[in-house]
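Novice: okay, structure incoming, though there's no sequence with it:
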């Protein structure tokens, strides 16, 4: 039997070490599906309930494995459905390859059924590389280049293959004019800045008395070096959310997340520092960084296209974080004298942990959403992978989950799209089938995407050696983050037709799939519920009935801003009294001295 183009595509993916492709079938990729049958499902075809979920699962797989995520879909409608997940990959700098079908070449340009100008459609999301295969000889070059580009640029790339091309006999490029041969693989490589630039950066950092370090996901390979620099400089370390799992939160000078979802000590660190070192982060919110002119600053980033953004950095070092810090460390002063600044940072961190403990302990109706996350924190196994969806649940993930060495976590950091929590978790299980995975999800995201993807979890659960996939749902029947944003930013009360969502029996739905389902309705059952979910012998949905009146207060919120939000609520919110009460109770915890019983 002759080798078809579709056979060669799968063969080349296997040669690159691709173990699975997340996809959904359709006649635009029938040739590829037939090839999968001939290849005995190698690489494995992982079927989602929707193409957007396939893309999210590929992103989750790539984030937690460090390897290429691959997704596949049919022509027009399927290819369109992939876009949200692919934009998530683009904005969070994740290597993903999309393989999509297209109508036959003979029909292109004829307004044929499901015909979409996919090359134009994908030119933005896959801007680094998108190509349409029109003859067999284009392979393997375009596939190899799509994979290399995805890895090198940390981005999504796309390959469009018309249906009739998939069925053609494969013939490789020849040794001839206008043929482009290709080869597998690429060596590891490391970028480093010039010696002069590193010396100038060291001069800036050595001159500082109050040094703040901001890390993102780009610092993930430089944990030991970041710790050494922080200790040499007597610095505090704040983390962008995509860098939450880079450095242990147990370190006393780690102030935790920064920004609207951040911590008070991170806000204070940036407010009071005189020197800033940013490593592997493109955190976008300038207002949470030092006032312009108040701090000298240095940035380290691998991508020269992203360097020098967000803040007026004095020295911009283009290079790998680990290699650059290794060259920087010998130039840093070791005789810096007292540690008053880092002692202040440590004290601020201790006070914040006490504040968050008190806030989680406040009574609510029926369950305080902060307590749900706080109760989970000490129960998490050391090798847990966590995913968080967007919404108010991301606040509780950011502020109450203590990342320890060996733990991993991520969310849609830049696109901040709703719905990736559960498909990320499924992608993580395929990346690490021997590790427990916990998804933290709001009820809006669960209704949008999560419920259907529990069917996917049920379908593939037997492939995971560790059966623990826990999906936790904060059930408050409110699109809570937007509701609070309306109050705080627009000065408007909640608009119930847009914000109120139905009460769904999430745990009961899980049980209909043969999964574990737990419903927690009272605070005294929260810890036991978490323990049961983490000990389940199958994927589990655990839902908590939480109070929508508990506000996700930003770390910089002043009494004046709280008063503004309260005024907006009193204009006509459906649950005015409890919202003002919960907001004031939560805010006042920041000003209480030491530990106290609530």
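Specialist: Cool, got the structure. Bear in mind that the values here come from a model prediction, so they are computed numbers and not experimental data. Numbering: from 1, shown residues only.
Novice: so, low pLDDT: which residues of the stretch 251-400 of the chain?
Specialist: Judged against pLDDT under 70, the stretch 251-400 of the chain has no low-scoring part.
Novice: isn't residue 2 up against residue 169?
Specialist: Yes. Between residue 2 and residue 169 there is a contact under Cβ atoms under 8 Å: 4.7 Å. Every C-beta, even on glycine, is put in place using the N, C-alpha and C of the backbone.
Novice: which of the two has more neighbours?
Specialist: Comparing residue 2 with residue 169 by other Cβ atoms under 10 Å, the one with more neighbours is residue 169, at 11 against 8.
Novice: report the beta-bridge partners for the more buried one.
Specialist: Residues in a beta bridge with residue 169, per DSSP bridges, are residue 4.
Novice: go ahead and confirm it touches residue 1.
Specialist: No. With contact defined as Cβ under 8 Å, residue 169 does not reach residue 1; the gap is 10.1 Å.
Novice: now stretch 141-148: buried residues?
Specialist: 141-148 (16 or more other Cβ atoms under 10 Å).
Novice: could you do stretch 498-513 as well?
Specialist: Quick answer for stretch 498-513 (16+ other Cβ under 10 Å): 499, 501, 504, 506-507, 509-510, 513.
Novice: so how far is that stretch off the chain centroid?
Specialist: 24 Å (Cα atoms, centre = their mean, to the nearest Å).
Novice: any idea of the mean pLDDT for it?
Specialist: In this model, stretch 498-513 has an average pLDDT of 93.
Novice: ends of that stretch, what's the gap?
Specialist: 30 Å (Cα to Cα, to the nearest Å).
Novice: which residues sit against that stretch?
Specialist: Residues from elsewhere that reach stretch 498-513 (Cβ atoms under 8 Å, 6 or more residues apart in numbering): 443-444, 446-447, 451, 454-455, 458, 471, 473, 475, 477-479, 482-483, 486, 516-519, 539-543.
Novice: quick one: buried ones out of those?
Specialist: 443-444, 446-447, 451, 454, 458, 471, 473, 475, 477-479, 482-483, 486, 516-519, 539-543.
Novice: residue 308 reaches residue 300, doesn't it?
Specialist: No. When contacts are counted by Cβ under 8 Å, residue 308 is not listed as touching residue 300 (11.4 Å).
Novice: comparing those two, which shows the higher neighbour count?
Specialist: A direct count of neighbours by other Cβ under 10 Å for residue 308 and residue 300 places residue 300 higher, at 30 against 14.
Novice: ok, that one - contacts?
Specialist: Counting by Cβ under 8 Å, 6+ apart, the residues that residue 300 touches are 218, 277-280, 317, 319, 321, 324-325.
Novice: where does residue 374 land in three-state SS?
Specialist: helix (DSSP: H, G, I helix; E, B strand; the rest coil).
Novice: tell me, how many residues neighbour the spatially closest residue to it that is not a sequence neighbour?
Specialist: Spatial nearest neighbour of residue 374, chain neighbours left out: residue 360 (3.7 Å); criterion: Cβ to Cβ, 6 or more residues apart in numbering. By other Cβ under 10 Å, 24 other residues sit near residue 360.
Novice: what's in contact with stretch 173-182?
Specialist: 137-138, 140-141, 144-145, 172.
Novice: how about residue 123, what does it touch?
Specialist: residue 130.
Novice: isn't residue 32 up against residue 102?
Specialist: No. In this structure, residue 32 is not within contact of residue 102 by Cβ under 8 Å, at 11.9 Å.
Novice: which neighbours do the two share?
Specialist: residue 161.
Novice: out of the contacts of residue 300, who's the most crowded?
Specialist: Most surrounded of the contacts of residue 300: other Cβ under 10 Å gives residue 277, at 30 neighbours.
Novice: what sits opposite it in the beta ladder?
Specialist: residue 213, residue 298.
Novice: the stretch 101-250 of the chain: strands as residue ranges?
Specialist: 130-132, 156-162, 211-215, 236-239 (DSSP state E, counting those that start in this stretch).
Novice: again, but for the stretch 251-400 of the chain
Specialist: Under DSSP E, counting those that start in this stretch, the stretch 251-400 of the chain gives strands at 254-257, 275-279, 296-301, 315-318, 385-388.
Novice: any idea which helix is longest in this protein?
Specialist: Longest helix in the chain, counting residues (DSSP state H): helix 340-360.
Novice: name the residues of it that are buried.
Specialist: 341-342, 344-346, 348-349, 351-360.
Novice: doesn't residue 246 make contact with residue 405?
Specialist: No. Contact criterion Cβ under 8 Å: residue 405 and residue 246 do not qualify, at 10.7 Å.
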